[in-house]
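Asks: attaching a predicted model along with its sequence, questions to come.
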Amino acid sequence: MTILLLALIFGPGLWVRRVLERYSSPPDRYAGTGAQLARYLLNKLELQHVAVESTDQGDHYDPLAKVVRLTADNYEGRSLTAITVAAHEVGHAIQDQEGYGPLRLRTYLVRVARPVERIGAGALMVAPFVGALTRVPSIGIIMFLAGFFTLATSTLVHLATLPTEFDASFNRALPLLDEQRVLKKVDRPHARRLLTAAALTYVSASLMSLLNVARWWAILRR
């Protein structure tokens with residue numbers, strides 16, 4: 001049972017990494033880089049105001065700054081992974097331009113969750129000390145519960161992200177790649193696999209968040 005649970009939690013993340021790494025070779029599969037493709041697609045869509053930048057914080061689109069950010073491998077790379085991930089992030093820019101509801105919800109939840117998570121982490125750390133110093137166990141328990149439920153907000157954010165990711169992959173990026181005839185014909189099924197991996201990145205994050213929540217729940221019940 002434990003092995004099955006671990007497989008369910010860690011399996012999606014391992015599969016995502018394997019797919020992204022597999023199609024990162026050959027590194028010169030396409031003539032242009034991921035950054036160049038992102039810029040080309042954004043210009044075609046009349047989204048010249050959206051910038052393209054390199055980042056070390058993971059591939060993502062920032063709807064507040066209006067920036068497509070790609071990791072160095074995908075920003076400078078010419079592999080199928082670089083091309084497909086760039087198109088996926090452009091898909092989020094399209095969602096933003098169209099006022100796509102789930103993206104707006106995710107953006108709001110992320111903005112709310114960040115300070116809430118910091119407060120929750122602080123509450124989790126100080127709860128035992130407050131209970132010991134005040135010698136009123138209920139205070140420590142209340143703070144611990146506050147921290148526990150705050151930690152669960154990250155799970156909510158990740159779950160709200162899933163429809164946004166699949167829409168960016170299959171309703172935006174893939175049709176765009178087809179329309180612009182970017183992909184080599186033999187690469188299209190591989191690109192679909194990559195787009196699935198890009199969308200499932202947050203499934204992995206959701207499962208890890210649930211694992212953290214379950215861990216604190218187990219501590220709370222002791």
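Replies: Everything's here; your move. This one's a predicted model, so the numbers in the text were calculated from it and none came from an experiment.
Asks: return the set of buried residues in stretch 162-180.
Replies: By neighbour count on 16 or more other Cβ atoms under 10 Å, the buried set for stretch 162-180 is 162-170, 172-174, 176-177. From N, CA and C alone the C-beta is placed, and that goes for glycine too.
Asks: just checking, what packs against the strand or helix carrying Tyr75?
Replies: Using DSSP states H and E, Tyr75 falls within helix 72-76. Helices and strands touching helix 72-76, by 3 or more Cβ pairs under 8 Å, 6 or more residues apart in numbering; DSSP states H and E, are helix 34-44, strand 51-55, helix 80-98.
Asks: now the ones you listed in CSV, with distance to Arg69, mean neighbour count and mean pLDDT?
Replies: Listed next are the helices and strands packed on helix 72-76 as CSV, based on distance: least, Cβ to Cβ, whole Å; neighbours: other Cβ atoms under 10 Å; pLDDT from 0 to 100:
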stretch, distance to Arg69, mean neighbour count, mean pLDDT
helix 34-44, 10, 21, 98
strand 51-55, 4, 16, 98
helix 80-98, 7, 25, 97
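Asks: where's the residue found closest to Ala72 once you drop the neighbours it is linked to in the chain relative to Gly34, distance?
Replies: Among residues not flanking Ala72 along the chain, Ser54 sits closest, at 5.6 Å (Cβ to Cβ, 6 or more residues apart in numbering). Taking Cβ to Cβ, to the nearest Å as the measure, Ser54 falls 10 Å from Gly34.
Asks: any shared contact partners between these two?
Replies: Taking Cβ atoms under 8 Å, 6 or more residues apart in numbering as the criterion, Ser54 and Gly34 both touch Leu70, Tyr75, Glu76.
Asks: the first one: how many residues sit nearby?
Replies: Close neighbours of Leu70, defined as other Cβ atoms under 10 Å, add up to 26.
Asks: from what I see, it and Gly34 are in contact.
Replies: Yes: checked against Cβ atoms under 8 Å, the pair Leu70 and Gly34 is within contact range at 5.4 Å.
Asks: any common contacting residues for these two?
Replies: Ala82, Val85, Ala86.
Asks: got JSON lines for the residues you listed, with distance to Leu20 too?
Replies: Output for the shared contacts of Leu70 and Gly34, formatted as JSON lines (distance: Cβ to Cβ, whole Å):
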{"residue": "Ala82", "distance to Leu20": "10"}
{"residue": "Val85", "distance to Leu20": "8"}
{"residue": "Ala86", "distance to Leu20": "13"}
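Asks: closest to Leu105 among those residues?
Replies: Val85 (23.1 Å; Cβ to Cβ).
Asks: who's in contact with that closest one?
Replies: Leu20, Gly34, Asp59, Leu70, Asn74, Leu194, Ala198.
Asks: select from those every entry located in strands.
Replies: Leu70 (DSSP state E).
Asks: for ChimeraX, what selects the buried ones among the contacts of Val85?
Replies: Only the buried entries of the contacts of Val85 go into this ChimeraX selection, using 16+ other Cβ under 10 Å:
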select :20,34,59,70,74,194,198
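Asks: from the contacts of Val85, which two are the most distant?
Replies: Among the contacts of Val85, Leu70 and Leu194 lie farthest apart (Cβ to Cβ), at 14.0 Å.
Asks: my read is that Leu183 contacts Pro189, right?
Replies: No: in this structure, Leu183 is not within contact of Pro189 by Cβ under 8 Å, at 9.9 Å.
Asks: many thanks, have a good one.
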